[in-house]
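A.B. asks: Here is a sequence together with a model predicted from it:
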Amino acid sequence: MGQTGMKYLVLSVVFALSGALSTACGGGDKPPPLGGNTPGASGGSGGSSGHAGSAGKLSEFDAGEDGGGRDGAGGTGTNAGDAGVLAPFVTIVSPDPASDPNVDPIIQSVKGNNIVTMRCDAVPGSGAMGKTVDASAVTLEMLDASGTVVDSKPGGQSQTNKNEFSHDFVFTSLKSGKVSFRCRAHYVGLPQEASATIASLVDNGPTITRIQPLADSAHPLTQPVPVEFAVDPAPLASGDDGAAVTDVELQINGVTVCGGASAPACPIVSGHYTLSVNLADTATFTTPPNGSIPISITGTNRRKIARTDTYHFVVDSTGPVINITLPVASDIIGGSTLLQFTIDDPGSGVAINTLSVTLNKDVHPYMMNGLWSITGNAYTFKLDATTVTDATFQVTVIIDVQDIAGNESKKQVSYYIDTSPPIVDLDPPPLQEVKLVNNQYVCSLPFDPLGDVPANDWTNPSQAIKDVTFLRVLAWDQANQTLDINSPVLTHFRGVDQGSVTIYVQGDVSKGVLVKNAKNGTVCDEVDKTLPILTTYPIPPSGSSDFEPSQVSPIPGYCVAGTENLPPYLCPAQPDLLRVIQHEQSGGNVEPVIYSLAPSKGECNSQIQLASLPGVSRSGWVCLAARAVDGVGNVGVSAPLRLCLANPNDPLPDCAKPMSSTPPSCTNDCVAPAHFFFDPNNPPTHRSHIRLPQ
């Protein structure tokens, strides 16, 4: 036979299958007889069981659709073929088909059992010719109302009946309504597949719609939680009397709030169940809820089928935890300081848009600008005390933030402000020292705190010096004071950074040694840092001032003349220093204020050869200025020290001639700072009066 005849023969066999399978579609208890080569007819009458049988679905041969039937209604095959040869005969045994929820048995939970068992038979047809069903390939499926497979299981073969296959399906994930079950099988070694499908109904209870609170939303314990939801009937088909909702219950954290057997019915507003729940009410909630809290909505229909929807929301009973790391409370801060702190909220989380820092009266909300930076839970705010309203002596910082639930937290801390640069001087005026003797303050003879040897600022040609000279520096820390005349004078010092005291040397006096750094103002506040520097070292306080009564003039109302003899000089071979003064600060701290060029025995050795420095000539003008930084970063510079060098081996410079011109300003377009000031008319409040320990 040729190829054309063979093709015709195959097609005729497939067509004949429909008639053979249609008898089985009605759900008869036995497999159909061999169909032969006669054309198939429409599906046969249903068997007494009413279960669906296979309609000879042959995947490779465009097989007929599944047949199905209930109460004797048989399925209909669309093509023909020999079921016994090409595919097994498949019949669904359970569950029962259903279409009328008021009459037919439906799938529903019974005493918490949410499992339906599907069983099907897959047997060889009478013309199978020794073929066996591939038990490992039998597949059972559950389909939702749209026909989408929602669960697929391998068929478990019965131990007593090798043709029966079953598996359990959990149906609670389905919406109430139509559900289908399908069984698929084929012979060992043959791909052609037969299947059977039945339609049934499942009741998983009413439809529940959440409105509020939203899942995982955060709520404070201090405010009632709004609760709103809907529970609606879920009819399985038109005219379903059993779908009507008969009971609604709301539980929060395991406590029945409304509905159920013991609580009042849940109130309905505009078709929704709506109420406000006070979680802080200890009469309802013995222990106030906190953290992730379950909320359960249960709706029950007339068939006593209940559906429960459980989810969680967050109850946050405490605000964020604020921890200020730097600066520490009551610390002394300068003009610009980084305020560093952490914020943690393990409940609902930090609401960053509520964060603000208040400095006295000035509120600074969080925003992405140069003042703020955030890394994880660490926050940094740039605190500029010079711009704070009424911040002259102290600033109060308040950090304010809320969590997502709305709980607010505040952290307050106060700092002392030091925006005053240290006083730095290379040629300070004389001062007096006082000490308490027999309950009276005794005045010392005025003296130069740097000693008698170091060079002074040029005032006339006779002060011209040789190349080698003595240099010392006075570096005196200042602090802000209260302006309230009714408050005591309070000062808080951080002290001078002792490693910062340096002397800058300028040989080209036309360029100056002092410059202006600040945007506003006219006073020189910095040095030219490109110039050569001389490092200095603090001299420990020592010695005693001259309190001889014949030499001291008392300050009326403050100190009287002394009764002591002249003390010895600190350097026996050099009548220079009697006393190296100190700065007594609040809290009993004592700070050295005199600095020398020598690291040890500085009171006796502070010589320097200026002409050995870069840019300095052997003769002529030289400008010097000292610089110091206090512990919070305030920079102080001295008035310039103008020196006239007159080397004996060089011609006499102009600055050393009798009719010398005015000395250079040693500044660059700014006004030189004032010298260390001594005001004898206001001794009790001026720090130039050094009080010795009592």
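C.D. replies: Noted; the coordinates are in hand.
A.B. asks: T337 and D418: what is the separation?
C.D. replies: Computed with C-beta to C-beta, to the nearest Å, the distance linking T337 and D418 is 10 Å. Any C-beta I mention is one placed from the backbone N, CA and C, and that applies to glycine too.
A.B. asks: Give the residues shared as contacts by these two.
C.D. replies: Counting by C-beta atoms under 8 Å, 6 or more residues apart in numbering, the residues touching both T337 and D418 are V632.
A.B. asks: Neighbour count: the two, which is higher?
C.D. replies: D418 (26 against 21; other C-beta atoms under 10 Å).
A.B. asks: I'd say the more buried one and G636 touch.
C.D. replies: No: D418 lies out of contact with G636 (C-beta atoms under 8 Å); the separation is 11.8 Å.
A.B. asks: Could you tell me which residues touch both of the two?
C.D. replies: 478, 630.
A.B. asks: just for the stretch 551-694 of the chain, where's the confidence low?
C.D. replies: For the stretch 551-694 of the chain, applying pLDDT under 70 flags the ranges 552, 586-588, 677-694.
A.B. asks: Direction included, what does the helix or strand hosting H312 pair against?
C.D. replies: According to DSSP states H and E, H312 maps onto strand 306-316. Partner strands for strand 306-316, per DSSP bridges, with pairing direction: strand 218-220 (parallel), strand 291-301 (antiparallel).
A.B. asks: Could you check how far the closest residue to L426 other than its chain neighbours is from S606?
C.D. replies: Leaving out its chain neighbours, the residue that sits closest to L426 by C-beta to C-beta, 6 or more residues apart in numbering is L641, at 4.1 Å. Distance of L641 to S606, given as C-beta to C-beta: 13 Å.
A.B. asks: joint contacts of those two?
C.D. replies: With C-beta under 8 Å, 6+ apart, L641 and S606 have no common neighbours.
A.B. asks: can you pull out the helices in this structure?
C.D. replies: 3-25, 83-86 (DSSP state H).
A.B. asks: Comparing these by mean pLDDT, which bottoms out?
C.D. replies: The weakest mean pLDDT among the helices of the chain belongs to helix 3-25, with a mean of 31.
A.B. asks: so what's the spatially closest residue to T318 that is not a sequence neighbour up against?
C.D. replies: Counting by C-beta to C-beta, 6+ apart, the nearest residue to T318 once its immediate chain neighbours are dropped is N407, at 6.1 Å. Contact analysis of N407 by C-beta under 8 Å, 6+ apart lists 220, 222, 316-320, 347-348.
A.B. asks: now those as a markdown table including pLDDT?
C.D. replies: Below are those laid out as a markdown table (pLDDT from 0 to 100):
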| residue | pLDDT |
| --- | --- |
| P220 | 92 |
| T222 | 88 |
| D316 | 94 |
| S317 | 89 |
| T318 | 91 |
| G319 | 93 |
| P320 | 96 |
| G347 | 88 |
| S348 | 91 |
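A.B. asks: most surrounded residue in those?
C.D. replies: For those, neighbours tallied by other C-beta under 10 Å; top is P320, 28 neighbours.
A.B. asks: Helix or strand with the lowest mean pLDDT in the chain?
C.D. replies: helix 3-25 (a mean of 31; mean pLDDT, DSSP states H and E).
A.B. asks: The stretch 551-694 of the chain: strands as residue ranges?
C.D. replies: Ranges of strands in the stretch 551-694 of the chain, per DSSP state E, counting those that start in this stretch, are 579-580, 582-584, 590-592, 594-596, 607-609, 620-629, 635-637, 641-645, 690-691.
A.B. asks: and the first one, how far out from the chain's middle?
C.D. replies: The chain centroid and the centroid of strand 579-580 are separated by 55 Å under C-alpha atoms, centre = their mean, to the nearest Å.
A.B. asks: residue contacts, the closest residue to N290 other than its chain neighbours?
C.D. replies: Leaving aside its sequence neighbours, N290 sits nearest to S317 (C-beta to C-beta, 6+ apart; 4.8 Å). By C-beta under 8 Å, 6+ apart, S317 lies in contact with 220-222, 288, 290, 347, 407.
A.B. asks: In strands, which of those residues appear?
C.D. replies: P220 (DSSP state E).
A.B. asks: ok, the contacts of S317 vs G189, which is closest?
C.D. replies: In terms of C-beta to C-beta, no member of these lies closer to G189 than G347, at 63.3 Å.
A.B. asks: Test my guess that the closest one contacts D316.
C.D. replies: Yes: G347 is in contact with D316 according to C-beta under 8 Å; the separation is 3.4 Å.
A.B. asks: what touches both of the two?
C.D. replies: In contact with both G347 and D316: 218, 290, 403, 405, 407, using C-beta under 8 Å, 6+ apart.
A.B. asks: Any of those buried? List them.
C.D. replies: 218, 403, 405, 407 (16 or more other C-beta atoms under 10 Å).
A.B. asks: Give me the buried positions along stretch 305-324.
C.D. replies: Quick answer for stretch 305-324 (16+ other C-beta under 10 Å): 305-307, 309, 313-317, 319-320, 322, 324.
A.B. asks: Now the terminal residues of it, how far apart.
C.D. replies: 57 Å (C-alpha to C-alpha, to the nearest Å).
A.B. asks: domains for this protein, by residue range?
C.D. replies: 3-203, 207-316, 322-417, 423-694 (automatic domain parsing).
A.B. asks: Could you pull up phi and psi at P541?
C.D. replies: phi -60, psi 140 (degrees, to the nearest 10).
A.B. asks: May I have the residues that are in contact with it?
C.D. replies: Here P541 is in contact with 580-582, 590, 592 (criterion: C-beta under 8 Å, 6+ apart).
A.B. asks: What's the separation between T160 and S166?
C.D. replies: Counting by C-beta to C-beta - T160 and S166 are separated by 12 Å.
A.B. asks: So which of the two has more stuff around it?
C.D. replies: Shown here are T160 and S166; by other C-beta under 10 Å, S166 has more neighbours (18 against 5).
A.B. asks: Using CSV, please lay out the buried ones among the shared contacts of G347 and D316 together with pLDDT and distance to Q108.
C.D. replies: Formatted as CSV, those follow (pLDDT from 0 to 100; distance: C-beta to C-beta, whole Å):
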residue, pLDDT, distance to Q108
A218, 93, 38
D403, 95, 44
A405, 92, 40
N407, 93, 45
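A.B. asks: What is the nearest of those residues to A561?
C.D. replies: For the buried ones among the shared contacts of G347 and D316, the nearest to A561 is N407 (68.4 Å; C-beta to C-beta).
A.B. asks: Give me the phi and psi angles of the closest one.
C.D. replies: The phi/psi pair for N407 (degrees, to the nearest 10) is phi -70, psi 130.
A.B. asks: how many neighbours does the nearest residue to T337 once chain neighbours are set aside have?
C.D. replies: Of all residues not flanking T337 in the chain, L383 sits nearest, at 4.8 Å (C-beta to C-beta, 6+ apart). By the criterion of other C-beta under 10 Å, L383 has 24 neighbours.
A.B. asks: Quick one: residues contacting the closest residue to L359 other than its chain neighbours.
C.D. replies: What sits nearest to L359 in space, not counting adjacent residues and going by C-beta to C-beta, 6+ apart, is V388, at 4.6 Å. Shown in contact with V388 (C-beta under 8 Å, 6+ apart): 359-360, 362, 395.
A.B. asks: Point out where the protein drops to low pLDDT.
C.D. replies: 1-85, 483-491, 552, 586-588, 677-694.
A.B. asks: again, 50 this time
C.D. replies: 1-52, 55-83, 680-688, 692-694 (pLDDT under 50).
A.B. asks: that older thread, in PyMOL, select just the buried ones from the contacts of P541.
C.D. replies: This is how PyMOL selects the buried members of the contacts of P541, with burial counted by 16+ other C-beta under 10 Å:
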select buried, resi 580+581+582+592
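A.B. asks: quick one: N323 from T342, how far?
C.D. replies: Following C-beta to C-beta, the distance that separates N323 from T342 is 5 Å.
A.B. asks: D144 now?
C.D. replies: 51 Å.
A.B. asks: higher neighbour count, the two?
C.D. replies: Neighbours were counted for D144 and for T342 using other C-beta under 10 Å; D144 has more, 17 against 14.
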